[in-house]
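Asker: When you get a sec, could you give me coordinates for this:
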Amino acid sequence: MKFTRMLTTKLTSFWLMSLAAIAGVLLLSALMGVVQLSYQLQQQRVAELQSIMLTHYQSKAPAPLSAWLPAVLQAYHVVNIRVTRQGQELYGYQGAPSGAHSLTYERSLDKASDLHMSLTLPHPLLHYRVSTAELLLLSIGLLAVIVFIRFGYVWFSRQLEGVEALAVRSRLILQGKHDQALANPGKGKPRLINRALTRLLEDLQDAQKERGRFDKFIRSNTFLDAQTRIGNRLFLNNRLDALSYHQAMVAHGVIYLLELDDLDLLQQAKGEGAALELLNAMVTGINQLLHNFPNSIFARRSYNQLAMVVPQISLAEADQLASQLLKVCLSQPLADIENRDNFFHLGGAYFRAGDNAAQLLDEAAMALRAAQLQGSNNWFMYDKGAIDAEFAKGSVRWRSFLENALVQRRFYPFSQPIKDCDGAVHHQEIFTRVRDNHGALIRATLFIPMANKCGLMPQIERQMLSRVLQLLARADNPKQVYSVNLSFDSLMSRAFTKWLKTSLLEYRHLAARLIFEISEDIVIQHQAVLLPKLEMIRKMGARLCVDHVGQQVVGTYYIRECHFDMIKLHRSIVRNIHLRPENQLFIRSLIGGLYRTEVQVCAEGVEALEEWQTLQILGVGMAQGVFFSDPIELS
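Answerer: Numbers count the residues shown, from 1 in each chain. You can find the predicted model right below:
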């Protein structure tokens, strides 16, 4: 309420000065009136004495002056009087001395006889005393003025509270906190302006949500199949590109091709509705299966062919998943058509890190053909013996290995710079790597899935964040900013969040140099439960970043609702951006939706100069990738 107090004080001061000036003028006028009346009264007394003395000397048988005049002179407080005729004193009187404050009046009583009177009187204001009644009246007047001023101050304050409420809302709007300004309308006055601000904020919120829906509409029509609402062929190609580096896969996994051979015959026999109903039922069942496999890809490759990519899965799990996928297909009710026992065929190709990405679809197609040649509903796995020996370890061995690595502190931070348009390093992203007993690095795509399965990610991220805080506290590193990834398990761990809050309070001076990254799919699926955690991190002074933006076809309104400071585009959107106008359209729409906000946009996975130049033209302010630097180990 600083603004209200300041404005009220100014208005009250002006009002008080005006009242004081008016009161001063009135008091001065009254004082001048009292002085003037006192002088006039004394002059009237002098004139009365002059008349009395003249009457006395003109009478034929005057009584002696000493008999009656002293009483009159005492009543008039006369100091002294001398009556002379031609220089000879006829009468003299000396009263009580009045000191230096006295006035002498010289009057001629009779010019013919040269009769003269000299009269000395005390100052007219010398004997004036303020009475008790006057003091009481003056006190009542001053008290009334004070009460009136106090009432005016309170009245002004109440009237200006509405102006202060409008000022607070306006300040929130200027700071970009539109949601907070809308949630706290207050009692702003004039009420018409306050209601107008509320209406405009509501319209703005609706426009922002509509912009998010429009972004989702653009991406849906670009990357989603119109009938099944899963990814289309373009979506599949983008995601496969993101899983590879220079046409070499960066992780192990499996790719499936599921084909419905006689779907067109079903459509001709039973109509398009029956074919679409079968497709949607299959898509629903397959989505439920793939929900247990993070980062899986599901797309419609052609009219009667579906594609699924499941990274970071063992060969045994891939075989089991293939059987489950075929069971989902066979569980769908088929109409009475010919060849119903030879309708579904599934082909899979298992791959490992380093395999050529361009050959995967060909190998999956070969497996699909092998399944079709068997002449019944079945599946076939194309396997080159590409079983990852390390990944084939059992969960117990992985848990033992990761727990030993935690105890021996064999998790090491690697950093990769994020650079802005001027080539300066904005901050460094921290990647976690672990070394085995022989000192060899184990890639993150191998140990992170197993750490998630074993429930050890909170301990790993806690150890890594402790290392990062130590790096920030070093004297030779005064301005460096680091970003650290947080998993869903860590954010949901009560022990980890309590430790994180305590650490951020302890290192409050370093919190502003920390950026916490959370994956987009985690935020979308668990936004309600994550909001308090994210708000706690923001209140501690750290910044928030959502990464893998664009990996899923979802709206972007969550960016404002969760108050993210930065977004990071997924590599599937960035890869060959200069050759993909549909990805450029998405980035333009996304950045347009963030207009007038302080959200920074970063691109990950930049590998070529053409990509970085195109991103800069589109308005992306930061980027990271092998084009700038490979991750390096921090000491």
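Asker: which SS state does Thr228 fall under?
Answerer: coil (DSSP: H, G, I helix; E, B strand; the rest coil).
Asker: any weak-confidence spans in the stretch 351-500 of the chain?
Answerer: Along the stretch 351-500 of the chain, segments meeting pLDDT under 70 span 383-395, 475.
Asker: Would you state the strands of it in chain order?
Answerer: Counting by DSSP state E, counting those that start in this stretch, the stretch 351-500 of the chain has strands at residues 378-382, 411-420, 425-435, 441-442, 482-485.
Asker: For these, give me a markdown table that also has mean neighbour count.
Answerer: For the C-beta atoms, the positions are set from N, CA and C on the backbone; glycine is no exception. Converted to a markdown table, the strands of the stretch 351-500 of the chain look like this (neighbours: other Cβ atoms under 10 Å):
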| stretch | mean neighbour count |
| --- | --- |
| strand 378-382 | 20 |
| strand 411-420 | 19 |
| strand 425-435 | 20 |
| strand 441-442 | 16 |
| strand 482-485 | 22 |
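Asker: Let's have those strands in a markdown table, adding distance to Ile140.
Answerer: Formatted as a markdown table, the strands of the stretch 351-500 of the chain follow (distance: least, Cβ to Cβ, whole Å):
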| stretch | distance to Ile140 |
| --- | --- |
| strand 378-382 | 104 |
| strand 411-420 | 73 |
| strand 425-435 | 72 |
| strand 441-442 | 92 |
| strand 482-485 | 73 |
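Asker: looking at the ones you listed, which is closest to Asn184?
Answerer: Across the strands of the stretch 351-500 of the chain, Asn184 has its closest neighbour in strand 482-485 (32.2 Å, Cβ to Cβ).
Asker: Which strands or helices does that closest one pack on?
Answerer: Contacts defined by 3 or more Cβ pairs under 8 Å, 6 or more residues apart in numbering; DSSP states H and E place strand 482-485 against strand 425-435, helix 457-473, strand 514-519.
Asker: Pull that strand out as PDB, backbone CA atoms only.
Answerer: The C-alpha trace of strand 482-485 is given here as PDB (Å, rounded to 0.1, in the frame of the first residue of the first chain):
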ATOM      1  CA  TYR A 482      24.600 -25.400 -15.000                       C
ATOM      2  CA  SER A 483      21.400 -27.200 -16.000                       C
ATOM      3  CA  VAL A 484      20.600 -30.600 -14.400                       C
ATOM      4  CA  ASN A 485      17.900 -33.100 -15.500                       C
END
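Asker: oh, and call the first residue 59 from now on, that's how I've got it
Answerer: Okay, using 59 as the starting number, the last item reads as strand 540-543.
Asker: hang on, the earlier thing: closest one to Asn338 among the helices and strands packed on strand 540-543?
Answerer: Of all these, strand 572-577 sits nearest to Asn338, with 27.9 Å by Cβ to Cβ.
Asker: For the closest one, which strands pair with it and how are they oriented?
Answerer: Strand 572-577 has its sheet partners listed here by DSSP bridges as strand 540-543 (parallel), strand 601-607 (parallel).
Asker: wait, which of the ones you listed is closest to Val483?
Answerer: Between the strands paired with strand 572-577, strand 540-543 lies closest to Val483; by Cβ to Cβ that is 11.2 Å.
Asker: which other residues reach the closest one?
Answerer: With contact meaning Cβ atoms under 8 Å, 6 or more residues apart in numbering, strand 540-543 is reached by 473, 476, 485-488, 490, 519, 522-523, 526, 529-530, 571-577, 603, 605.
Asker: got the helices and strands packed on strand 540-543 as a markdown table, with distance to Gly199 columns?
Answerer: Formatted as a markdown table, those follow (distance: least, Cβ to Cβ, whole Å):
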| stretch | distance to Gly199 |
| --- | --- |
| strand 483-493 | 70 |
| helix 515-531 | 69 |
| strand 572-577 | 66 |
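Asker: Please tell me how far Ser647 sits from Leu530.
Answerer: For Ser647, the distance to Leu530 equals 36 Å [Cβ to Cβ, to the nearest Å].
Asker: Wait, Arg601 touches Met624, no?
Answerer: Yes: shown here, Arg601 and Met624 form a contact pair, counting by Cβ atoms under 8 Å, at 6.7 Å.
Asker: what's the burial count for the closest residue to Ala306 other than its chain neighbours?
Answerer: Among residues not flanking Ala306 along the chain, Gly412 sits closest, at 5.2 Å (Cβ to Cβ, 6 or more residues apart in numbering). For Gly412, the count of nearby residues is 13 (other Cβ atoms under 10 Å).
Asker: Quick one: mean pLDDT over the longest helix along the chain.
Answerer: In the chain, assigned by DSSP state H, the helix with the most residues is helix 60-116. For helix 60-116, mean pLDDT is 79.
Asker: what does stretch 331-349 give?
Answerer: Per-residue scores along stretch 331-349 average to 88.
Asker: ok, and for it, which residues are buried?
Answerer: By neighbour count on 16 or more other Cβ atoms under 10 Å, the buried set for stretch 331-349 is 333, 336-337, 340-341, 343-344, 347-348.
Asker: got CSV for those, with distance to Leu549 and secondary structure too?
Answerer: As requested, the buried residues of stretch 331-349 are exported to CSV (distance: Cβ to Cβ, whole Å; DSSP: H, G, I helix; E, B strand; the rest coil):
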residue, distance to Leu549, secondary structure
Ala333, 43, helix
Leu336, 40, helix
Leu337, 36, helix
Met340, 34, helix
Val341, 30, helix
Gly343, 30, helix
Ile344, 29, helix
Leu347, 26, helix
Leu348, 23, helix
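Asker: want to throw those into a markdown table with distance to Ala223?
Answerer: Below are the buried residues of stretch 331-349 laid out as a markdown table (distance: Cβ to Cβ, whole Å):
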| residue | distance to Ala223 |
| --- | --- |
| Ala333 | 61 |
| Leu336 | 60 |
| Leu337 | 56 |
| Met340 | 57 |
| Val341 | 52 |
| Gly343 | 55 |
| Ile344 | 55 |
| Leu347 | 55 |
| Leu348 | 52 |
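Asker: of those, closest to Ala425?
Answerer: Ile344 (17.6 Å).
Asker: nearest residue to that closest one other than its sequence neighbours?
Answerer: Val386 (5.9 Å).
Asker: which ones are touching the one you found?
Answerer: Contact analysis of Val386 by Cβ under 8 Å, 6+ apart lists 340, 343-344, 347.
Asker: Ok, which of the strands paired with strand 572-577 comes nearest Gln233?
Answerer: Nearest to Gln233, of the strands paired with strand 572-577 and by Cβ to Cβ, is strand 601-607 at 16.3 Å.
Asker: Give the buried residues for that closest one.
Answerer: Within strand 601-607, the residues that count as buried by 16+ other Cβ under 10 Å are 601-607.
Asker: hmm, who's touching that strand?
Answerer: With contacts defined as Cβ under 8 Å, 6+ apart, strand 601-607 is touched by 541, 543, 570, 572-579, 581, 592, 595-596, 614, 616-617, 620-628, 631, 648, 660, 662.
Asker: ok, 7 Å please
Answerer: For strand 601-607, the external contacting residues (Cβ atoms under 7 Å, 6 or more residues apart in numbering) are 541, 573-579, 581, 592, 595-596, 617, 622-628, 662.
Asker: Where do the domain boundaries of this structure fall?
Answerer: The record's domain parsing of the chain by automatic domain parsing lists 77-180, 190-265, 291-440, 453-691.
Asker: Tell me, what's the model's pLDDT at the residue nearest the centre of the chain?
Answerer: The chain has Lys235 as the residue nearest its centroid, 5.4 Å off, counting by Cα atoms, centre = their mean. As predicted, Lys235 sits at a pLDDT of 72.
Asker: Likewise for Lys267?
Answerer: pLDDT at Lys267 comes out at 70.
Asker: can you tell me which residues contact it?
Answerer: Contacts of Lys267 by Cβ under 7 Å, 6+ apart are Tyr615.
Asker: helix or strand for it, which one?
Answerer: Assigned by DSSP states H and E, Lys267 falls within helix 249-281.
Asker: tell me which residues of whichever helix or strand comes after that helix are tucked away?
Answerer: Where DSSP H and E defines the elements, the next helix or strand beyond helix 249-281 is helix 291-300. By neighbour count with 16+ other Cβ under 10 Å, helix 291-300 contains the buried residues 293-300.
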